[in-house]
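Engineer: what follows is a predicted structure for the sequence shown.
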Amino acid sequence: MSTFLLSNIGELTTNARLDADPCGTILDAAVLVREGRVAWAGPRTQIPDAMASDDLTGVTVVDAAGGAVIPGFVDSHTHLVFGGDRAEEFAARMAGERYAAGGIRTTVAATRAATDDDLRRRLHALVAECRAQGTTTLEVKTGYGLDVETEARLARLAAEVTDEVTFLGAHVVAPEFADRAEAYVDLVVGDMLDAVAPHARWVDVFCDEGAFTAHQSRRVLEAGRAAGLGIRVHGNQLGYGDGVRLAVELDAAAVDHCTFLSDDDVFALAGSRTVATLLPGVEFSTRQPYPDARRLIDAGVTVALASDCNPGSSFTTSMPLMVALAVREMRMTPAEAVWAATAGGARALRRTDVGVIAPGARADLVLLDAPSRVHLAYRPGVPLVSRVWKDGEEG
Ligand code: NIG
Ligand code: FE
C-alpha cells in the first residue's frame, strides 16, 4: 500500500520550515502518500479538493487516532556489520575501566572468523531492530575487517541493506601492522580502497588518540575523495584533537562524536557545511562526559544525532533513546533533538529526500503512540513507535 491518506494526526513534524518553527509543526494534520512519495502534507481541514471528492475513491484512509507523526529517523552513523559482542568489556567499564580504541581489535578477530551468513543474519536482525524503532534511513560502516578481503566482504554485506555504505578501513591499525601504521595506511589507500570503493558512497577515518594521526587521516580521506567517495570523520571522541579541523578543511559531510571541542573547533564548524553528529549512546556506554549540544547550536552549527550502534562503545539501535539522552544530558530541547535525529541526519548524509515530510520527499513516516514528539524524551525507554512506513510501505 504505497498510496494512502494518513489522517487524524494530532501533531505532524514536517521539518519543512514554517515561520520560526524548524520542526514545521502542523496540528490536526494529514499526509497524502502516492506511490511511495509524499504528495501533500497539511492541516486536515485543507485536504485538497481532489481528495475530498471522487479522487478519494480507492485511496485508503489510515487513522492516526490523534497520534504524533514524525519523519522516519535518519541514523547517519552505525557500525552494524560485525561478529561477536563485548559485553565483558562493557561490564569491566562499568566497574571502572576506561574506554580505549584498542577494543576494536577484539571485534575484528570475531568478524574475520564469522561466515558471511553469520554476519548477514546479525546485520538483518539489527536492521529490523532499527526499523521497529522508527529508523528508515541508515548509514553502515565497514571497519571490523581491516584486511582487503574482509573489508570488501563487509562493504558488500552493508550494501545489501543500504545505499549509505562507508569505507572505514582506517578504524584502527590492523593487528598485523602493529608499529607500522604508515604501512597500514598504504594498504588502506591502495588495494583496500580499490576493493571497497565500488560498494561504498563514503570514506571515514578515526582521527583520535590510539587510532590515526591528522597526517594519516588526511591521506585516507584524500585518497577516498580521489576515488569518488564523500568524506566523513570520527573525531574528537577521546580527547581534543585535529578531527574537526581536518573535516572542515576537507568539506566533510559530517564529523562525528565532537565530545571534546575547542572554541576554534566550534567556530570552524559554524562557518562550514560540515554537520556535527553527536552520539550520546557512546557517552552513556563509556561514562565519558556528554558533548555540549547547546554550545554548538547557539554558535550556529548544524547538529545531527545518531546511534553509532557498534559492539564496543554504543550497542544500541534506538534513536528514541538518542533523543531522550540529548534532551536530558546535552541541553537540547525536544524539538531540536527530534529535528537532529531526522533532518539533521539527512544533512549529515547530504540527502534532501529524507528527514522531511513535504511534497516529493520519500514517504518515510513514523506514527507515535503519543500525542506529541515531546513524549520521546518525556517517556524514556517506552516503546512509543507504533507504525513505520518506508517509501510508503509499512513494516
Ligand atoms: O564510533 N570511535 C571509533 N569507533 C567506534 C567504536 C568502535 C568499537 O569500540 O568497536 C565509535 O565509537
Ligand atoms: Fe563510530
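Structural biologist: Done, it's in. Ligands and ions are numbered 1, 2, ... in the order given.
Engineer: how about the residue in the chain that ligand 1 sits nearest to, what does it touch?
Structural biologist: When scored by CB to the nearest ligand atom, the chain has Gly312 as its residue closest to ligand 1, at 2.2 Å. (Each C-beta comes from the backbone N, C-alpha and C, glycine too.) When contacts are counted by CB atoms under 8 Å, 6 or more residues apart in numbering, Gly312 touches 86, 89, 99, 103-104, 106-107.
Engineer: from those residues, which is closest to Asp369?
Structural biologist: Arg86 (33.0 Å; CB to CB).
Engineer: how about the residue of the chain closest to ligand 1, secondary structure?
Structural biologist: At Gly312 the chain is in coil, as set by DSSP: H, G, I helix; E, B strand; the rest coil.
Engineer: swap in Phe284?
Structural biologist: Quick answer, by three-state DSSP: Phe284 is helix.
Engineer: and for Thr111?
Structural biologist: Thr111 - assigned by three-state DSSP - is helix.
Engineer: how about the residues of the stretch 201-350 of the chain by ligand 1?
Structural biologist: Residues of the stretch 201-350 of the chain that fall close to ligand 1, judged by CB under 6 Å from any ligand atom: 206, 234, 237, 282, 308, 310-313.
Engineer: mind redoing it with 8 Å?
Structural biologist: 206, 208, 211, 234, 237-238, 256-257, 279, 282, 308, 310-314 (CB under 8 Å from any ligand atom).
Engineer: sketch out the helices for the stretch 51-200 of the chain, chain order is fine.
Structural biologist: Here the stretch 51-200 of the chain has its helices, by DSSP state H, counting those that start in this stretch, at 87-94, 104-113, 116-132, 148-159, 181-187, 193-196.
Engineer: could you dump those to TSV with distance to Val275, mean neighbour count and mean pLDDT?
Structural biologist: Converted to TSV, the helices of the stretch 51-200 of the chain look like this (distance: least, CB to CB, whole Å; neighbours: other CB atoms under 10 Å; pLDDT from 0 to 100):
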stretch	distance to Val275	mean neighbour count	mean pLDDT
helix 87-94	28	14	96
helix 104-113	24	18	97
helix 116-132	20	16	98
helix 148-159	21	22	98
helix 181-187	26	17	98
helix 193-196	23	21	98
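Engineer: format those as JSON lines; extra columns: distance to Arg34.
Structural biologist: Below are the helices of the stretch 51-200 of the chain laid out as JSON lines (distance: least, CB to CB, whole Å):
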{"stretch": "helix 87-94", "distance to Arg34": "46"}
{"stretch": "helix 104-113", "distance to Arg34": "42"}
{"stretch": "helix 116-132", "distance to Arg34": "22"}
{"stretch": "helix 148-159", "distance to Arg34": "29"}
{"stretch": "helix 181-187", "distance to Arg34": "49"}
{"stretch": "helix 193-196", "distance to Arg34": "37"}
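Engineer: where in the chain is pLDDT low?
Structural biologist: For the chain, applying pLDDT under 70 flags the ranges 1, 48-56.
Engineer: try it again with 50
Structural biologist: Judged by pLDDT under 50, the chain has its weakly predicted residues at 54.
Engineer: domain-wise, how is it divided?
Structural biologist: 4-72+356-394, 73-348 (automatic domain parsing).
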